[in-house]
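Asker: Fold the following.
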Amino acid sequence: MSGHSKFANIKHKKEKNDAARGKIFTVIGRELAVAVKAGGPDPNSNSRLRDAIAKAKSNNMPNDTIDKAIKRAAGNLEGVNYESITYEGYGPKGIAIIVETLTDNKNRSAADVRSAFTKGGGNMGTTGCVSFMFDEKGQIIIEKTDEIDADELEMAAIEAGAEDINEEEDSFEVITAPDDFSAVREALEAAGFEFAQAEVTMLPQTYTTLTDEDDIKKMNRLLDLLDESDDVKNVYHNWDE
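Answerer: Numbering: from 1, shown residues only. Here you go, the predicted structure:
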């Protein structure tokens, strides 16, 4: 099992309040709809939908809300028309930022993202300007409890096809190749492990520290503005908070 890992910096941490939960549920609802459109409403034959459902459950989305979102998408396939668009850019002092959106209005999304970068003291870049500084990986976060045996978890994860396992003070991080994520997640779920988070993500190869208080305020403002947009699905950055 590997040592210390900075997986607190997976994405900008969202506050656990009603407004943030509402935003998360909106984004996950769109992911469920896109998954249904891509592979149908039966999770048994649609691995993308299974992953979206698992993400919904790890974010405490009620089962009836999940079911309604799937049924709504299945009955309105022609109306489900969300587009995935990724933006890249820089925050204060060159912090690398990737913004994934899922939107039905790309002009609105582009304006929201550009405004967040500008107001946060950063600037939008061209496609590929910072993505080379990140690795796409499947990532499963499991909170430590007295019931979890670290060796048992490591063995189960490796046998399922995981690339690596990192241990933190209060959590375990299981890393997979993107194509192996679903299989590893399902194997660990079948083994009885519960996830605090499970998704394919972008992990920074290196981290940058901000020391100036003004830069820190600008970076937080940039991330907060991105979080406020319902079109923004994920935000990845290499700021060492």
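
Asker: Can you mark which positions in stretch 61-68 are buried?
Answerer: M61, I66 (16 or more other CB atoms under 10 Å). Any C-beta I mention is one placed from the backbone N, CA and C, and that applies to glycine too.

Asker: Just the C-alphas of it, formatted as PDB.
Answerer: Listed next in PDB are the C-alpha coordinates belonging to stretch 61-68 (Å, rounded to 0.1, in the frame of the first residue of the first chain):
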ATOM      1  CA  MET A  61     -29.100  11.300  -3.500                       C
ATOM      2  CA  PRO A  62     -32.400   9.700  -2.500                       C
ATOM      3  CA  ASN A  63     -33.300   6.500  -4.300                       C
ATOM      4  CA  ASP A  64     -36.600   7.800  -5.400                       C
ATOM      5  CA  THR A  65     -34.900  10.900  -6.900                       C
ATOM      6  CA  ILE A  66     -32.500   8.600  -8.800                       C
ATOM      7  CA  ASP A  67     -35.400   6.500 -10.100                       C
ATOM      8  CA  LYS A  68     -37.400   9.600 -11.200                       C
END
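
Asker: Show me what that stretch is in contact with.
Answerer: With contact meaning CB atoms under 8 Å, 6 or more residues apart in numbering, stretch 61-68 is reached by I24, F25, I28, G29, L32, I53, A56, K57.

Asker: As a markdown table, the residues you listed with secondary structure, distance to Y236 and pLDDT would be great.
Answerer: Putting those into a markdown table (DSSP: H, G, I helix; E, B strand; the rest coil; distance: CB to CB, whole Å; pLDDT from 0 to 100) gives the following:
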| residue | secondary structure | distance to Y236 | pLDDT |
| --- | --- | --- | --- |
| I24 | helix | 16 | 86 |
| F25 | helix | 21 | 89 |
| I28 | helix | 17 | 92 |
| G29 | helix | 21 | 91 |
| L32 | helix | 22 | 93 |
| I53 | helix | 23 | 93 |
| A56 | helix | 20 | 90 |
| K57 | helix | 22 | 88 |
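
Asker: measure A38 to V174 for me?
Answerer: 25 Å (CB to CB, to the nearest Å).

Asker: who's more crowded, these two?
Answerer: Counted by other CB atoms under 10 Å, A38 and V174 do not tie: V174 has more neighbours, with 28 against 11.

Asker: so how many other residues sit close to L222?
Answerer: A count of nearby residues for L222, using other CB under 10 Å, gives 26.

Asker: Check N76 too.
Answerer: 12.

Asker: now it: how far from D215?
Answerer: From N76 to D215 the distance is 45 Å (CB to CB).

Asker: residues touching G138, list them.
Answerer: Contacts of G138 (CB under 8 Å, 6+ apart): I175, T176, A177, P178, D180, F181, V184, R185, E199, V200, T201.

Asker: and the contacts of stretch 61-68, which two are the farthest apart?
Answerer: Across those, the longest distance by CB to CB is 14.4 Å; it joins I24 and I53.

Asker: Pick out whichever of the contacts of G138 sits closest to K233.
Answerer: The closest of the contacts of G138, once distances to K233 are taken by CB to CB, is E199, at 10.3 Å.

Asker: Not counting sequence-adjacent ones, nearest residue to that closest one?
Answerer: K55 (5.5 Å; CB to CB, 6 or more residues apart in numbering).

Asker: quick one: contacts for the one you found?
Answerer: For K55, counting by CB under 8 Å, 6+ apart, the contacting residues are I28, E31, A198, E199.

Asker: In three-state terms, how would M155 be classified?
Answerer: Under DSSP: H, G, I helix; E, B strand; the rest coil, the three-state class of M155 is helix.
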